[in-house]
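1. what follows is a predicted protein model with its sequence.
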There are 2 protein chains.
Amino acid sequence: MPASLQRTRLTADEYANGILSADRVVLSKAITLVESKLPGDNAIAESLIEKILPHTGNAMRIGITGVPGVGKSTFIEAFGLYLISLSKSVAVLTIDPSSQRTQGSILGDKTRMESLSNHPKAFVRPSSTGNTLGGVNTRTRETMLLCEAFGFDVVIIETVGVGQSETTLRGIVDFFLLLMLAGAGDELQGIKRGIMEMADAIAINKADGDNVRMTELARREYQNALHLFPPSESGWVPEVVTCSSLHNEGMEKIFNIILKQDKHMRDVGYFNENRKHQNLNWMFETVNHHLQSDFYNHPKIKSQLVQLQQQVESGEVAAITAAHHLMKIFKEIKY
Amino acid sequence: MPASLQRTRLTADEYANGILSADRVVLSKAITLVESKLPGDNAIAESLIEKILPHTGNAMRIGITGVPGVGKSTFIEAFGLYLISLSKSVAVLTIDPSSQRTQGSILGDKTRMESLSNHPKAFVRPSSTGNTLGGVNTRTRETMLLCEAFGFDVVIIETVGVGQSETTLRGIVDFFLLLMLAGAGDELQGIKRGIMEMADAIAINKADGDNVRMTELARREYQNALHLFPPSESGWVPEVVTCSSLHNEGMEKIFNIILKQDKHMRDVGYFNENRKHQNLNWMFETVNHHLQSDFYNHPKIKSQLVQLQQQVESGEVAAITAAHHLMKIFKEIKY
């Protein structure tokens, strides 16, 4: 590690104390630490998470997704400012799959949510997606915990609704909001199937101007459609609302649904069960992530994988043969 | 391995030759081999799959799911006999999560589909779910390949639509049929959310007697609802039909939808892409399965896991700490 980079690292205690005394600079640095892939950083990060863990679990954890163009940033800005008007502090973690390529998403996101980013009661932090294509990774959960320990009342995690990341996100948050546009045509292209059934609520955005009637029609159609679909385990029935981020309309309605769902989840005992279940999954996911990353990042595996992939795709080599061949190489190295 | 058990095993060549010459006894034995967890069997099974691989890929692969009570067995019996009336041979693999507990599903399933089971052009084989709770495991795919190499024109794989297994099943088959009942009330309870969006078609069963009007109403509602949902990547729009397994009605309609989807998939080039993608996934799933099974079945991991699970659930220990603790133990043993 270059000395210049090393110097920016604090001890786990310094990070923890900084976060618990609501020092934003330390929070930012701690998130960078948690997202780091350097082995030395992982140990500090783990120790940090352990220290702050007793101070976590008190925020409302809200996941928001929707395809590009649906107006996520504008919505989160309007919704975040509404929450602040209720004296709540808000952390927003945006997961931008493009950040890996452009390295420019930090500036991008801050520009996207200018009023919210600059508000003293808000904290907007874009996450690079790291290894996980287009998505939420194991570190997103840890970043969320840092924000909770800092004291934010609400943590919003935003993803682009086109990949695998929504399933992961659903496994982190308490409430999952899907943003949509009216019209079942082109606007739906790109949304991953299955996402709709994961939503606790659907908000049809851009209910303004000429669009008001169409969004209301869409709202009714979706509400009817959702009734045909299987109820969730918790018995919560998803609600569909319209909103206009542009005119700050519908924010109260959406927040009331979140409160209603929260009450429902606590009343039926699902809230705690879900959090427990999420904790356990976090453990298994972390283990599985490490097992796979040890395997697929090993030079001897990497050197064989590309060719084997082609042979398996073409049907030349049986997938099971390829898998066992890779396992054999790995066992010879490791065991 | 007891000598008595070992004697029932053939060589990989004997299995392959038996299957390729359509010997049913050998097919049954080969499936038992593939499902076996004995390490010696795995090597023979892998060699067998390699030998038969060039003879696979020619069957229609159909997944069927639906909650208990929807009439899956009666449907598959009626549908299977319809396919046979078109001179097609049919293999049915039923995945019964209860077989792990009762050990009695083999008799159970054969009784359930008596006419089909006894037909010379059909083959009905229940699979125990093995390690995978309620579901399709890595071996289901291999069993399907054995049936293809044997020469079956259609392979039907049935699961109970309540668990994780449907996602796995979707990743094996070409066409995914969801069986439902009319009425959005109690009948929906138990269906896993997200399954509906995976379906290529929904068949509303028990469209007979007093129920005909209700099923037709339900059909229209679901068809309308599905139009609101995101289109699949392939551009295929799921269809909803009614059927009566009891009166053998709707079987032709359903098969025509399957043929139509098959043509669509081939026309847009998705059929081959999907099969390639499925092959690749099979490799990754096999590797990941082995990595995890090596880990979680290790006595030193097992001995720690129960206590750690409790501590993580209760929030006493951070999931990431528990995961890293387990990884450390594992690395000390293995590396």
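-> Everything's here; your move.
2. the closest residue to A:R141 other than its chain neighbours: how many residues sit nearby?
-> Ranked by Cβ to Cβ, 6 or more residues apart in numbering or on different chains and with sequence neighbours excluded, the top spatial neighbour of A:R141 is A:I172, at 5.2 Å. Using the backbone N, CA and C atoms, a C-beta is placed for each residue, glycine as well. Per other Cβ atoms under 10 Å in any protein chain shown, the neighbour tally for A:I172 reads 18.
3. ditto for A:Y222
-> Neighbour number of A:Y222 under other Cβ under 10 Å is 25.
4. now do the same contact list for it.
-> Neighbour list for A:Y222: A:M180, A:I202, A:I204, A:V240, B:L228 [criterion: Cβ atoms under 8 Å, 6 or more residues apart in numbering or on different chains].
5. quick one: which of those residues sit in helices?
-> B:L228 (DSSP state H).
6. what's the most distant pair in the contacts of A:Y222?
-> A:I204 and B:L228 (11.4 Å; Cβ to Cβ).
7. export stretch A:255-270 to CSV, keeping only CA atoms.
-> Only the C-alpha atoms of stretch A:255-270 are listed here, as CSV (Å, rounded to 0.1, in the frame of the first residue of the first chain):
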residue,chain,number,x,y,z
PHE,A,255,-44.3,8.0,3.9
ASN,A,256,-47.7,7.0,5.5
ILE,A,257,-47.6,3.7,3.6
ILE,A,258,-44.1,3.1,5.0
LEU,A,259,-45.3,3.8,8.5
LYS,A,260,-48.4,1.6,8.0
GLN,A,261,-46.3,-1.3,6.7
ASP,A,262,-43.8,-0.8,9.6
LYS,A,263,-46.7,-1.0,12.1
HIS,A,264,-48.1,-4.0,10.3
MET,A,265,-44.8,-5.8,10.4
ARG,A,266,-44.2,-5.1,14.0
ASP,A,267,-47.8,-6.1,15.0
VAL,A,268,-47.5,-9.5,13.3
GLY,A,269,-44.1,-10.1,14.7
TYR,A,270,-42.5,-10.1,11.3
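8. average pLDDT for that stretch?
-> Regarding stretch A:255-270, the rounded mean pLDDT is 97.
9. can you list the buried residues in that stretch?
-> Residues of stretch A:255-270 classed as buried: A:F255, A:I257, A:I258, A:Q261, A:H264, A:M265, A:Y270 (neighbour count, 16 or more other Cβ atoms under 10 Å in any protein chain shown).
10. wasn't the second one part of a helix?
-> Think A:I257. Yes - according to DSSP: H, G, I helix; E, B strand; the rest coil, the state of A:I257 is that of a helix.
11. doesn't A:E239 make contact with it?
-> Yes - A:I257 is within contact range of A:E239, at 5.1 Å (criterion: Cβ atoms under 8 Å).
12. who touches both of the two?
-> Contacts common to A:I257 and A:E239, judged by Cβ under 8 Å, 6+ apart, are A:A201.
13. and the pLDDT at the residue nearest to A:R141?
-> 90.
14. cool, A:Q6 as well?
-> 51.
15. measure A:L145 to A:H55 for me?
-> From A:L145 over to A:H55 the distance is 9 Å, taken as Cβ to Cβ, to the nearest Å.
16. and stretch A:146-157, how far out from the chain middle?
-> In terms of Cα atoms, centre = their mean, to the nearest Å, the centre of stretch A:146-157 is found 13 Å from the chain centre.
17. can you get me the start-to-end distance on stretch A:156-167?
-> 16 Å (Cα to Cα, to the nearest Å).
18. now whichever strand or helix holds A:N17: average pLDDT?
-> Taking DSSP states H and E as the criterion, A:N17 maps to helix A:12-20. For helix A:12-20, the mean pLDDT works out to 97.
19. close to chain B, is it?
-> No - in terms of Cβ under 8 Å from any Cβ of the partner chain, no part of helix A:12-20 sits within range of chain B; the closest distance is 12.1 Å.
20. where does the prediction get shaky in the stretch 151-300 of chain A?
-> Counting by pLDDT under 70, the stretch 151-300 of chain A shows low-confidence ranges at A:161-164, A:183-193.
21. and the strands in it?
-> Assigned by DSSP state E, counting those that start in this stretch, the stretch 151-300 of chain A shows strands spanning A:154-160, A:175-180, A:201-204, A:239-242.
22. could I get those as a markdown table with distance to B:T65 and mean neighbour count?
-> Below are those laid out as a markdown table (distance: least, Cβ to Cβ, whole Å; neighbours: other Cβ atoms under 10 Å in any protein chain shown):
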| stretch | distance to B:T65 | mean neighbour count |
| --- | --- | --- |
| strand A:154-160 | 28 | 26 |
| strand A:175-180 | 24 | 25 |
| strand A:201-204 | 25 | 25 |
| strand A:239-242 | 27 | 22 |
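23. turn these into TSV, columns for distance to A:I44.
-> Formatted as TSV, those follow (distance: least, Cβ to Cβ, whole Å):
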stretch	distance to A:I44
strand A:154-160	22
strand A:175-180	32
strand A:201-204	38
strand A:239-242	43
